[in-house]
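>>> Could you look at this predicted model? Sequence included:
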Amino acid sequence: MTMRKFNYILSILILALCFFFWIDAAGIRPPAHIYPKTVIAITAFLAVALLVQSIFFPKALIQGKPFEGTKYGRVLTTLLSTIVYFFAVKTIGFYVSSFFFLVIVTWILGDKSEGVKALARLGILGIVVVGLVYASFKLFLKVPTPPGILF
Amino acid sequence: MLADFLTGLQNALHPLNLLIMSLALAGGIAIGTLPGLTATMGVALLVPLTFGMDPASGLLMLGAMYCGAIYGGANSAILINTPGTPSAVCTTFDGYPLTKQGRADEALFTALVSSVIGGIIGTIFLMFAAQPLALVSLKFGSPEYFWLAIFGLTIISSLSEGNMVKGLLGGALGLLLATIGIDPVTGHTRFTFGFRPLIEGVTLIPAMIGFFSFAQVLSLVDEDQKYIAEYSPIPGVIGKVFSKLLKDCKNIILRSSLIGTFVGILPGAGGNVASFVAYNEAKRWSKNPDIYGTGAIEGVAASESSNNATVSSSLIPLLSLGIPGSPVAAVLLGGLLIHGMRPGAKLFIETGEVAYTFIIGLVVANLLMLFVGYLGMRIFAQVLNVPSHYITTIVIVLSFIGSYAIRNSLVDVVIMMVCGVLGYLGLKVGIQPGPIVLGLILGTIAEEGFTLSLLMSKAQGSLLSTFVTRPISAFLIFMCILSIVSPIYVRMKKSRKDKLEQNV
Amino acid sequence: MKKKFIVILMLVSFILTLGLTGCQKSEEPKNDDGKTEAKYPNKDITMIIAFSAGGSSDVQARIVEKYFKDEFGVNPIITYKTGAGGEVGFTELAKSNADGYTIGGLNVPHIVLQPLARETEFTIDSFAYIGQMVNDPQVIAVMKDSKYNTLQELIDDAKANPGQITLGNVGTFTGHHIASLKLMDLTGTEFTLIPYKGSADQIVALQGGHVNAIMGNLNDVMRDVEKYKILGITTEERHPLAPDWPTFKEQGIDMTSGITRLFAAPKDIDPEKLARLREGFKKIANNPEYLKDMEKIGQPAEWKDGEQVYEELKKETETAKKLLEKFGLLEKK
């Protein structure tokens, strides 16, 4: 897909967003409604401007295919594992989840040719990083970490 | 006064105090470097510690922590494109490209030196011009804040590379995000679409961590390079940076520090606004503005000198009027009160000795930062020797804890993740995170300024006299117009020149 | 490479530890008082503060923290849950485990007004009240060079020019807001209320001449009191911290108002534990050392028992509801 097509999608998505915001803005008591409505109007105007620009002045755009060469596999893996990590943090606990996240995801993303040796190294890394985070956040800064069943 | 000044000097140079300040600086730099841990948090954590200390030492510790934390944000901004504090957002624009070019050392050292100079200039104003500057800050009412925010937003036009419409669109989206939550004037809940936790709004720091750190992580994964950038320490980097700064950046650092000092005194605006304004001014007055954003030492210098200048100047309203003008100042106020010091006009008369110790201590802390920061920088730079898949996961873990720690809320972690994905997709289709975050920063200032001015104008019976004819407003409006017109003028001139060259 | 990497990690950890030890609290909690397990409390108590570190609520909680250990034998762990004018923290407390190990600070009238203004996940019935620690009354302040010398002059001017006199507030649906509404209701005047984000912005607006007068807190105007004229204070009798200030009552306006700071636990707490907390907080609140500290930070201490607090809250809810209805601020829920 070209940048031009993406611009169409982008403009339409933003216009839809503006539409929902505009409806919600109806309930705001004056004079507080002026500012948000103005912002929505400006956003919508810019989205239309992008649409017009993409249709009539394609030269002004940076041409090219924005998602060409994207390594979807890697990006999606990272994203999905982060989401899993989030739920793990929420239920199991921050430190345990972080340890497994560090070890597993780093291993997946890394060069797998090293095999088991790499995993052992990652285990050490996981312990060091989690330990460091624990020492600095929990012990010294007394910043609470997300709670969970386990540690 | 002279006696107080001299005692202050003596106190500030006491070996024990020097040690305390160095430790607090190191802690501050670490806190600043980690995204999500802010200067406010660092200082707040130290306040209870000062209960048992001599007031002067306690305050020196707090001041050093503050300086260190604001500077520390630059390290992660430069090395992994992740501003550690909102003030360091502009540092990423040139800092990270420099790292990519293998010039991380130069960028880091520039950031350090500029921060120190900015910090010292700000402190000089705190020492000698606190009263008059405090009076200036009082002149800023809601209309002035509104125009200041609008002026800030005009910066987007020069930040947007390539497609101007997309840059503006990014800024508008940032403003829109900032309106989510309870509206500041009527207390109405808006744009939460039935999702209760959003009532807290989209907080700046989790959103910033998302748009920068998490989006950056996804980009790194996508790039699939072994290391973020080539890195080998450059011999003689200190001399190189100093001569470059002396030759090309004297004016930039001076101007940016003055901008930082000025913006810092305004309650409601801080290092984040200052660095955007300073960066923009540096670019505007530059002979070749095109180098900004591609790895210009000047850009790093502008951003870092201005945000550290705000450190001292943000204390001006607190120390001379008793008004805590920034979150950190509010925390410091608590610390001062507990030590029996009453900030305000009489602070320097009643407790002059401690007050001068504190101010002189800020200068000393900045000088110490040169050494502590240099050590830290050597260590932080090693990040570039760590394979990037390690960085990815570690940054994700830190982003989690950083966004959580701001308000102890998992909602903020979700906001961080959503903003991260949006930021990554945005980068792909040409919407940069800079304008979005700028919109988020300025959105709340603009809205409050606008609506409160509207209420004021209702009482006064005239829109014109509230919004336009107040002298500072008029000046800011003039600046806005200048800011919008000048890039267009420059573009036109350039395209004419290009045409001429083509014709030849 | 591998070795180098580990060395680097160690170095980083060393520096982090070095830097952070600087911030570490020197005294660690010690558990040497050999209490039996059945005794409450036998572990640290989490204290939820709904406003950011360094704010007035936090500073007050920090003072309580100083005396907490001596009274209860355990430490309070202050946890900030901030946002939405305190609502986030109040909600958190209301939903917390009622095992006695989570308590929190509440602010009145915030907890009264927020459930009225919008849908919230708590009401005043969601808490078991330990007691009130602070009562920070409101004052009407103008600058020293203002043309108003008494409250009556200000009110007369507001009557003559309805809507043209500005009165600086902090936020909407807050103590300042409700006090201003009360004043307008009782005197039949119309001020234009300007809701600033925080008390610092409000004070700036007054000192910079952007508003005619403010409805502020005692605590905030005490800091630079020479700069202002205090036209009235919303207490029953003249305030011990500032005996020169006339009350609203003696100027013929029958109202009292204030922002109070309470401590409370979630509703379902075991009554015995609640009794222990009430006893302990009462002792802290009457400790002369504590009172001295409170005076230092400029917050007017005033202890009230939990039961009494709850009764008053119920009454306050009724009055606030009527008032907001009158001003048309309750249109939808």
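Thanks, I have the structure now. Numbering: from 1, shown residues only, chains lettered A, B, ... in the order given.

>>> what's the burial count for residue 96?
By default, I'm working from chain A. 16 (other CB atoms under 10 Å in any protein chain shown). Yep, even glycine has a C-beta here, placed from its N, CA and C like the rest.

>>> Not quite, go with chain B.
25.

>>> how close does it get to B:Ile155?
Distance of B:Tyr96 to B:Ile155, given as CB to CB, to the nearest Å: 19 Å.

>>> ok, now B:Leu454?
B:Leu454 is 25 Å from B:Ile155, by CB to CB.

>>> more crowded one of those two?
Neighbours were counted for B:Leu454 and for B:Ile155 using other CB under 10 Å; B:Ile155 has more, 25 against 21.

>>> Flag every residue of chain A that's near chain C.
A:27, A:29, A:121, A:124-125, A:128, A:132, A:135-136, A:139-142, A:144 (CB under 8 Å from any CB of the partner chain).

>>> Which members of those residues are classed as buried?
With burial judged by 16 or more other CB atoms under 10 Å in any protein chain shown, the buried subset of these is A:Arg29, A:Arg121, A:Leu125, A:Val128, A:Leu132, A:Ser136, A:Phe140, A:Leu141, A:Pro144.

>>> so how many other residues sit close to the closest residue to chain A within the stretch 151-300 of chain C?
Proximity of the stretch 151-300 of chain C to chain A (CB to the nearest CB) peaks at C:Thr172, 9.3 Å away. When neighbours are counted by other CB under 10 Å, C:Thr172 registers 23.

>>> Where does pLDDT dip in the stretch 351-500 of chain B?
Residues of the stretch 351-500 of chain B meeting the criterion pLDDT under 70: none.

>>> Chain C too?
Using pLDDT under 70, chain C drops low at C:1-38, C:53-54, C:331-333.

>>> those helices in chain A, which residues are they?
A:3-25, A:34-56, A:72-91, A:94-109, A:116-133 (DSSP state H).

>>> so what's C:Ile214 bridging to?
C:Ala141, C:Gly168 (DSSP bridges).

>>> Just want the residue of chain A that's nearest chain C.
Closest point on chain A to chain C, by CB to the nearest CB, is A:Phe140, at 3.9 Å.

>>> pLDDT score for that residue?
Looking at A:Phe140, its pLDDT reads 71.

>>> Quick check: the gap between it and B:Met369.
Distance from A:Phe140 to B:Met369, by CB to CB: 21 Å.

>>> What residues does the stretch 101-250 of chain C have near chain B?
C:117-119, C:121, C:163-166, C:171-173, C:192-197, C:200-201, C:203-205, C:207-211, C:223-224, C:226.

>>> quick one: which of those sit in strands?
C:Thr166, C:Thr192, C:Leu193, C:Ile194, C:Pro195, C:Tyr196 (DSSP state E).

>>> Would you check which pair of the residues you listed lies furthest apart?
Spatially, the most separated pair among those is C:Thr192 and C:Tyr196, at 13.1 Å (CB to CB).

>>> Which one of those two is surrounded by more residues?
Taking other CB under 10 Å, C:Thr192 and C:Tyr196 do not tie; C:Tyr196 has more neighbours (25 against 19).

>>> With that, I have no additional questions.
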